[in-house]
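In: Prediction below, plus the sequence it came from.
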Amino acid sequence: MAHDPIAHVKDSYYFEVPKSLWRYNSLKDVPEWLRKSEHHSLSEWKHELDGKILIPQPLGTLENLYKPKSGFCISRFMLLEVLAAVIVAFIFIRLADRMKTGEAPKGRFWNFFESMLVFIRDQVARPAIGHHDGDTYTPYLWTLFFFILTCNLLGMIPWLGSASGAMGMTGAMAIIVFFTVVGVGVFKLGPIGYLKSLVPHMDLPIGLAIFLIPMIFAIEVLGLVIKHFVLSVRLLANMFAGHLVLAVIVGFIADAAPHGAWYGVMPASVIGATLLSLLELFVAFLQAYIFAFLTALFIGSAVHPH
């Protein structure tokens, strides 16, 4: 665990494990860029760096453990997002190869994932977008759901981290959804038709229409942006808050040890963290579902504005 609860949930350029598993035994083990930035003795470096596995930076240099200096620096959450993408690709390429045979689903692996895919298609995509258009955009919703779910589940593994608890990741996902929704609307209705669809049809006198319609159009455009911003914040807040609370609960053990209350605090903290982890496991699935469901609603409103 990081000694600072915030350090446990924010992005960094290292992975942290128990200090006994990763030690810096000499100043030569400390990266040169870090030795130049600070003037510490070996004991101070050991206190600062033990347990921190620094990520190699072949394309950039760092100013410190949390801030890049120049070039393209690879962070912990970047690696976790790539890992999540690789896991999703590995599972579903393998699953697609089995489905191509035309056989009935066999085994727990096949049945488990196919049931989830069918649920998203039948209970999310088709009701929100329509049968024909829903099938068109179902693969996109599948990708969103399973990528976010995998990122959430990786955050449940000790010493990794929750990439979905960072604004960079959730914001990027929301931006992709925003351009997808606008692109789908423009493709389906045309640029002018999509812009006209943002304003509901109203039988207004011409004088009143000239005044109200531009105002309503501006409000609708602003609302479209806000909806996607909230889409990113919702996922960020739920994942960030859950892991922060977990870090604080477990941190009570270290805080209680110097005061002789370790034996009383430790069982309560472990039990509390275990129960909260089970809730976090549920939230990991729930937030992936909500993100996919709201995306389907936004696409449906763009394709069928009526």
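Out: Sure thing, it's come through. Numbers count the residues shown, from 1 in each chain.
In: Okay, and T61 sits in which element?
Out: strand 60-62 (DSSP states H and E).
In: Check which strands are paired with the next helix or strand after that strand and give the direction for each one.
Out: Using DSSP H and E, the next helix or strand after strand 60-62 towards the C-terminus is strand 68-71. Under the criterion DSSP bridges, strand 68-71 sits next to strand 60-62 (antiparallel) in its sheet.
In: tell me how far the partner strand is from the chain's mean position?
Out: 25 Å (Cα atoms, centre = their mean, to the nearest Å).
In: List the buried residues in it.
Out: Neighbour-count burial for strand 60-62, counted by 16 or more other Cβ atoms under 10 Å, picks out L62. Backbone N, C-alpha and C define where each C-beta goes, glycine included.
In: who touches it?
Out: 13, 33-34, 68-74 (Cβ atoms under 8 Å, 6 or more residues apart in numbering).
In: Redo those residues as TSV? Include distance to E220 and pLDDT.
Out: Listed next are the contacts of strand 60-62 as TSV, based on distance: Cβ to Cβ, whole Å; pLDDT from 0 to 100:
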residue	distance to E220	pLDDT
Y13	42	88
W33	50	71
L34	51	74
P68	39	86
K69	43	85
S70	42	85
G71	42	87
F72	38	90
C73	39	89
I74	40	91
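In: Looking at those residues, which one is closest to S26?
Out: L34 (13.7 Å; Cβ to Cβ).
In: give me the element that closest one is part of.
Out: helix 32-37.
In: centre of the chain versus the helix or strand that that helix is followed by, how much separation?
Out: The helix or strand immediately downstream of helix 32-37 is helix 42-49, counting by DSSP H and E. Relative to its chain's centre, helix 42-49 lies at 32 Å (Cα atoms, centre = their mean).
In: again with stretch 247-260
Out: That offset, for stretch 247-260, works out to 29 Å (Cα atoms, centre = their mean).
In: what's the average pLDDT for the helix or strand hosting G300?
Out: Secondary structure from DSSP H and E places G300 in helix 262-303. Per-residue pLDDT over helix 262-303 has a mean of 87.
In: mind listing what F285 touches?
Out: Neighbours of F285 in contact, by Cβ under 8 Å, 6+ apart: 149, 152.
In: What average pLDDT does the strand holding T61 get?
Out: On average, strand 60-62 scores 85.
In: Same question for stretch 243-254.
Out: 76.
In: Let's see it as CSV, backbone CA atoms only.
Out: C-alpha atoms of stretch 243-254 as CSV (Å, rounded to 0.1, in the frame of the first residue of the first chain):
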residue,chain,number,x,y,z
HIS,A,243,-10.7,2.7,-4.2
LEU,A,244,-9.9,5.7,-2.0
VAL,A,245,-12.2,4.4,0.7
LEU,A,246,-10.6,1.0,0.5
ALA,A,247,-7.1,2.6,0.8
VAL,A,248,-8.2,4.7,3.9
ILE,A,249,-9.8,1.7,5.6
VAL,A,250,-6.7,-0.5,5.2
GLY,A,251,-4.5,2.5,6.1
PHE,A,252,-6.1,2.6,9.6
ILE,A,253,-4.0,-0.5,10.4
ALA,A,254,-0.7,1.3,9.8
